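In: Sequence and predicted model, in that order:
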Amino acid sequence: MQVPILKQGDVLIATIQAALSDADLLELRSALVQQVVRFRSAGVIVDVTAMDVMDSFASRTLLEISHMIRLRGADTVIVGIQPEVAFAMVQLGLTLEDIPTALDLEEGLAYLQHRSRTIN
Amino acid sequence: MSAETQILVMSDRDVVAARQQGRALALEAGFSASEATLIATAISELARNIVSYAHQGTVTFKPLNGHGGAVGLTIVAADSGPGIRDVSQALRDGYSSSGGLGLGLPGVKRLMDEFEIASRLGSGTTVTVTKWRT
């Protein structure tokens, strides 16, 4: 299950469309990092609306994605965590630490725009 | 109530299959979408432990009909892997022997209503968890 990555201006948008295996998540990580470098992107949005489960492996991989992209000077926003998925994550003790999250794609884009305005 | 079903788990694909089957069975038994997600998340953790530590094992689903109309789902994750040296340590938050977040077993325990673990060095690990419908 490959995750399509869309380039919109200086933002990359990865939309997860079905349940992902661990291998799919690792593939997403390397694809995103490569494309951030290739397109000199300023921001990345990972849309997890369609993710059935956010377990420790998925959370850890999203954290790694965010940290790697941070080292390139770009920001990552996770959008679309479903309420029941959020509930399970909290029970499991997963908080995604310092990765910004937003309700949906629109709010994720607004967050990145606001940030780039603040920096420039 | 339907009989028990079993899934062979030997790859990360099977982890997804096991949690999807668990979710479907939970919904079928009348659990809410939110409870089904808790169950699916617990299965994902348990099935991944099988693949990571024992390479292969099974996840068995047992629908339950308890006293007074109680409805539940028991999940048994069993492997014949190396076993856990120190079970009480593995059940503590923040402990992991594979460099993970170390939230596997304590997290699963919080997600479910009942949690039981039997492990013997060299002969394997069996984790049995149950969720009761509210």
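Out: Everything's here; your move. Numbering: from 1, shown residues only, chains lettered A, B, ... in the order given.
In: When you work out contacts or count neighbours from here on, use the C-alpha atoms and nothing else.
Out: Fine.
In: Show residues contacting stretch B:29-45.
Out: Stretch B:29-45 has contacts (C-alpha atoms under 8 Å, 6 or more residues apart in numbering or on different chains) with A:52-56, A:84-85, A:87-88, B:15-16, B:18-20, B:22-24, B:26-27, B:63, B:71-72, B:75, B:104-105, B:107-108, B:111-112, B:131, B:133-134.
In: mind listing what's buried in stretch A:28-40?
Out: With burial defined by 16 or more other C-alpha atoms under 10 Å in any protein chain shown, the residues of stretch A:28-40 counted as buried are A:28, A:29, A:31, A:32, A:33, A:36.
In: swap in stretch A:57-73?
Out: When neighbours are counted by 16+ other C-alpha under 10 Å, the buried residues of stretch A:57-73 are found to be A:57, A:58, A:59, A:60, A:61, A:62, A:63, A:65, A:66, A:67, A:68, A:69.
In: Can you give the contact residues for that stretch?
Out: Stretch A:57-73 has contacts (C-alpha under 8 Å, 6+ apart) with A:22, A:25-26, A:29, A:32-33, A:36-37, A:42, A:75-76, A:94, A:96-97, A:99, B:100-101.
In: Filter those down to the buried ones.
Out: Neighbour-count burial (16+ other C-alpha under 10 Å) is assigned, among these, to A:22, A:25-26, A:29, A:32-33, A:36, A:42, A:75-76, A:94, A:96, B:101.
In: Now do the buried residues in the worst-scoring helix or strand of chain B on mean pLDDT.
Out: The element with the least model confidence among the helices and strands of chain B, by mean pLDDT, DSSP states H and E, is helix B:87-90, at a mean of 86. Neighbour-count burial for helix B:87-90 flags residue B:90 (criterion: 16+ other C-alpha under 10 Å).
In: residue contacts, the residue nearest the centre of chain A?
Out: When C-alpha atoms, centre = their mean is applied to chain A, the residue found nearest the centroid is residue A:46 (3.0 Å). By C-alpha under 8 Å, 6+ apart, the residues touching residue A:46 are A:13, A:14, A:15, A:16, A:76, A:77, A:78, A:79.
In: picking that back up, inside strands: which ones of the contacts of stretch A:57-73?
Out: With strands taken from DSSP state E, the overlap with those comprises A:75, A:76.
In: ok so, going back, ok so the residue nearest to the centre of chain A is a strand residue?
Out: Yes - when classified by DSSP: H, G, I helix; E, B strand; the rest coil, residue A:46 is found to be part of a strand.
In: Tell me what it is bridged to.
Out: Using DSSP bridges, the bridge partners assigned to residue A:46 are residue A:14, residue A:78.
In: quick one: it from residue A:113, how far?
Out: Taking C-alpha to C-alpha, to the nearest Å as the measure, residue A:46 and residue A:113 are separated by 16 Å.
In: name the helices or strands packed onto the least confident helix or strand of chain B?
Out: Contact partners of helix B:87-90 among helices and strands, from 3 or more C-alpha pairs under 8 Å, 6 or more residues apart in numbering or on different chains; DSSP states H and E: none.
In: Show residues contacting whichever helix or strand comes after it.
Out: On the C-terminal side of helix B:87-90, the nearest following helix or strand under DSSP states H and E is helix B:104-111. The contact list for helix B:104-111 (C-alpha under 8 Å, 6+ apart) reads A:56, A:88, A:91-93, B:38-39, B:41-42, B:45-46, B:90-93, B:96, B:115, B:129.
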